[in-house]
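> Take this sequence and fold it.
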Amino acid sequence: MRKFFLIIILSWLTLLPIGASPKFEMRAVWLTTNWGLDWPSQPARTYTDMLQQQAELCNLLDEVASLGFNTIFFQARIKGEVFYNSNIEPWSHIVSGESGRSPGYDPLAFVIEECHKRGLECHAWFITIPAGNTKQAKRQGPNSLPARHPEMCIKFKNEWFIDPGHPHAADYIASIAEEVAHRYDIDGIHLDYIRYPGEYGNFPDNNTYNLYSEGESLQQWRQDNISHIVRTVCDVVKNIDDAIMVSTAPLGRYEIIDGLPPSDWVCTGSAAQDVALWLEYADNDFIVPMMYYPDVNYFPYLAQWVELTNSNGYVVAGLGAYRMEKREGNWSIEDLSHQIAASRHYGAAGQAFFRLQHMRQFPDLAHLLAGNYYRNPALIPPMPHADLSIETTPVENIQLHRGATGDTLVWQPAEGAIRYAVYASVTDSVDITDASQLIYTWVTDTMVVFPPHQYASFAVTAIDRYRRESNPAKVNPPAKRNPF
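Residues are numbered from 1 along each chain as shown. Predicted structure coming up:
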């Protein structure tokens, strides 16, 4: 019966229309700094290089914002190197040309500020468990993670990894997240590669297992280790600011569904990712499973993820834009269109695209988003663990001043608001449930100016630090005077 049900789902999904845009939706893209894949195109060895790096990043963010995205996952840590001023780990050679050398500015602080200028949330994306290959470790010298913490690292097939079972591993990774959460105005911490290496049975952690397993099975012990890291990171971040969202990027399939092709490369198999536990204990605000699969390996597993989250968080579908490359699957634009439509149909909270360069590489994808799915802006969904019974204070004293050069909307600031959303309608009544009437999602001032007489009615809502939206304050056009 279950297999039959899945076949019906797959057949029906091919008929899904684009449909209307939701008002709340996370629209994210991974901005990859490893090897400079998305940015930077060259290291900053001089002051001129630094300015070029910054201009390049601003141009990328302009493009992302123009496509309708509202969230950036900025790769701030790559295999033991970082893109910010840290007391724990060295500067990445990718940003400066030399491991441990500053590029002359702080890229993480810079990207956060520039994201916020454009109405984009910025989440610090960490490569968590991998610590680089032997060549990287040699280049980093005494700054490398294996050199600084040999007791905590394991070499496996020419690659170094943090041993998740070592008793210091969770505290070390959490200290990195704590430093970022404390120093930066970050919106989220996003953990990637928070898993055991793919060749599960061969990972050489027998000594650690014998020392610390306390009789658990290898599978359960490894799952507990990864869960402990996730929970420790969440605890330290939330102790600093409980409005910073913590998320992970697990594998695209949680557990094999009956009737579908078997595989050990699932969360509950080789990766040792007990995602259900992370959600149950509120160690994740949302998850972004890497669902870079077609057809039968996407649609049923998407439904599984949404069912798994329930009220314990939400799922943002990770979509493989890179699969449109010929060597990576040669997907058509319709493949991704159907996956976006399905994510909305099943109740996912949004989509995240891997990776930014492919938004530029494939104009059809950019047009699909800006012209259809992301045509209207969207608010970030409220934090799932925020107390929604607490009402956000609405704005007061909203006024509209018509003028020959523009219509100015002003209001009094609302207590607890970090920004405002502005709605407008061409009719005499504005409806904030209609996503097409959402004009601005990220206003930090208490005034906006519209072209003269473009809209007839307006509304403003306050957004608090938990992304909760207040009731609207509305202003309608003044009554028309009888000329007689």
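> Strands along the stretch 51-200 of the chain, start to end?
71-78, 81-82, 121-127, 130-133, 153-156, 159-162, 188-192 (DSSP state E, counting those that start in this stretch).
> Kindly apply the preceding question to the stretch 251-400 of the chain instead.
Using DSSP E, counting those that start in this stretch, strands in the stretch 251-400 of the chain cover 286-287, 314-320, 350-354, 396-401.
> wait, doesn't residue 31 sit right on residue 74?
Yes - using C-beta atoms under 8 Å, residue 31 makes contact with residue 74 at a distance of 5.1 Å. Placement of C-beta: from N, CA and C, glycine included.
> out of the two, which sits in the more crowded spot?
The neighbour comparison of residue 31 against residue 74 (other C-beta atoms under 10 Å) goes to residue 74, with 28 against 24.
> tell me the helices in the stretch 151-300 of the chain, going along the chain?
Secondary structure of the stretch 151-300 of the chain (DSSP state H, counting those that start in this stretch): helices at 169-183, 206-212, 218-240, 275-280, 299-309.
> Tell me which of those helices lies nearest to residue 138.
Residue 138 lies closest to helix 169-183 among the helices of the stretch 151-300 of the chain, at 21.5 Å (C-beta to C-beta).
> Now the closest one - C-alpha only, CSV.
What follows is helix 169-183, C-alpha atoms only, in CSV (Å, rounded to 0.1, in the frame of the first residue of the first chain):
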residue,chain,number,x,y,z
ALA,A,169,35.6,17.3,20.0
ALA,A,170,32.3,18.8,20.9
ASP,A,171,33.7,21.5,23.1
TYR,A,172,36.2,22.5,20.5
ILE,A,173,33.6,22.8,17.7
ALA,A,174,31.3,24.6,20.1
SER,A,175,34.0,27.1,21.0
ILE,A,176,34.3,28.1,17.3
ALA,A,177,30.5,28.7,17.1
GLU,A,178,30.6,30.5,20.5
GLU,A,179,33.3,32.9,19.2
VAL,A,180,31.3,33.8,16.1
ALA,A,181,28.0,34.1,18.0
HIS,A,182,29.6,36.4,20.6
ARG,A,183,31.5,38.7,18.2
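> And that helix, what does it pack against?
Using 3 or more C-beta pairs under 8 Å, 6 or more residues apart in numbering; DSSP states H and E, the elements in contact with helix 169-183 are strand 121-127, strand 159-162, strand 188-192, helix 218-240.
> thinking again about what came up before, using TSV, please lay out the helices of the stretch 151-300 of the chain together with mean pLDDT, mean neighbour count and distance to residue 466.
Shown next, in TSV, are these (pLDDT from 0 to 100; neighbours: other C-beta atoms under 10 Å; distance: least, C-beta to C-beta, whole Å):
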stretch	mean pLDDT	mean neighbour count	distance to residue 466
helix 169-183	98	20	16
helix 206-212	96	13	37
helix 218-240	97	20	12
helix 275-280	96	20	18
helix 299-309	96	21	18
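> what's stretch 226-239 in contact with?
Applying C-beta atoms under 8 Å, 6 or more residues apart in numbering, the set of residues contacting stretch 226-239 from outside is 128, 164, 169-171, 173-175, 177-178, 181, 189, 191, 194-196, 244, 246, 248, 271-274, 277-278, 281-284.
> go on, stretch 434-442?
20-23, 70, 116, 119-120, 376-379, 419-425, 430-432, 448.
> Identify whichever of the helices of the stretch 151-300 of the chain lies nearest to residue 339.
helix 299-309 (7.9 Å).
> on that earlier part again, just put the helices of the stretch 151-300 of the chain in TSV and tack on distance to residue 460.
Shown next, in TSV, are these (distance: least, C-beta to C-beta, whole Å):
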stretch	distance to residue 460
helix 169-183	30
helix 206-212	55
helix 218-240	30
helix 275-280	34
helix 299-309	31
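> Please identify the buried residues of stretch 344-363?
Within stretch 344-363, the residues that qualify as buried by neighbour count (16 or more other C-beta atoms under 10 Å) are 344-346, 348-359, 362.
> ok, the residue lying closest to residue 219 once chain neighbours are set aside to residue 130 distance?
Closest residue to residue 219 apart from its sequence neighbours, by C-beta to C-beta, 6 or more residues apart in numbering: residue 272 at 6.9 Å. The spacing between residue 272 and residue 130, counted by C-beta to C-beta, to the nearest Å, is 15 Å.
> same deal with residue 263?
22 Å.
> can you check residue 205 too?
Counting by C-beta to C-beta, the gap from residue 205 to residue 130 is 15 Å.
> Next: residue 426.
Taking C-beta to C-beta, one finds residue 426 at 53 Å from residue 130.
> More neighbours: which of those two?
Between residue 426 and residue 130, counting by other C-beta under 10 Å, residue 130 is the more crowded of the two (20 against 11).
> Give the bridge partners for the more buried one, please.
Residue 130 has the following beta-bridge partners by DSSP bridges: residue 161.
> Contacts only, for it.
Residue 130 is in contact with 79, 159-162, 193, counting by C-beta under 8 Å, 6+ apart.
> again with residue 297
By C-beta under 8 Å, 6+ apart, residue 297 lies in contact with 252-253, 260-261.
> now do residue 208
Residue 208 neighbours (C-beta under 8 Å, 6+ apart): 163, 165-166.
> do the same with residue 310
By C-beta under 8 Å, 6+ apart, the contact set of residue 310 is empty.
> For it, give its distance to residue 39.
37 Å.
> How about residue 348?
Distance, residue 348 to residue 39, by C-beta to C-beta: 27 Å.
> ok, now residue 80?
In terms of C-beta to C-beta, residue 80 sits 20 Å off from residue 39.
> of those two, who's got more company?
residue 80 (27 against 23).
> What about the closest residue to that one other than its chain neighbours, how many residues nearby?
Excluding its sequence neighbours, the residue lying closest to residue 80 (C-beta to C-beta, 6+ apart) is residue 145, at 3.9 Å. Residues within reach of residue 145, counting by other C-beta under 10 Å, total 24.
> for residue 106, same thing?
Look at residue 106: counted by other C-beta under 10 Å, it has 17 neighbours.
> what does residue 431 give?
For residue 431, using other C-beta under 10 Å, the count is 15.
> Now do the contacts for it.
Going by C-beta under 8 Å, 6+ apart, residue 431 touches 423, 425, 437.
> please redo it, this time with the cut-off set to 10 Å
Counting by C-beta atoms under 10 Å, 6 or more residues apart in numbering, residue 431 makes contact with 423, 425, 437, 457, 459, 472, 474.
> likewise residue 443?
119, 409, 411, 417, 419-422, 460, 463.
> Tell me which of the residues you listed fall in strands.
Of these, the ones assigned to strands by DSSP state E are 409, 411, 417, 419-422, 460, 463.
> Serialize these to TSV and add fields for pLDDT and distance to residue 219.
Shown next, in TSV, are the ones in strands among the contacts of residue 443 (pLDDT from 0 to 100; distance: C-beta to C-beta, whole Å):
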residue	pLDDT	distance to residue 219
409	97	58
411	98	56
417	97	47
419	98	45
420	98	49
421	98	46
422	98	51
460	98	53
463	98	43
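> State the distance from residue 67 to residue 126.
From residue 67 across to residue 126, the span is 25 Å (C-beta to C-beta).
> For residue 294, which non-adjacent residue is closest in space?
Residue 294 sits nearest to residue 335 (C-beta to C-beta, 6+ apart), 6.3 Å away.
> Is that neighbour in contact with residue 328, as I believe?
No - if you go by C-beta atoms under 10 Å, residue 335 and residue 328 don't touch, sitting 11.9 Å apart.
> Residues in contact with both of the two, list them for me.
residue 320.
> Please identify which of these two sits among more neighbours.
Between residue 335 and residue 328, counted using other C-beta under 10 Å, residue 335 has the larger neighbour count: 17 against 13.
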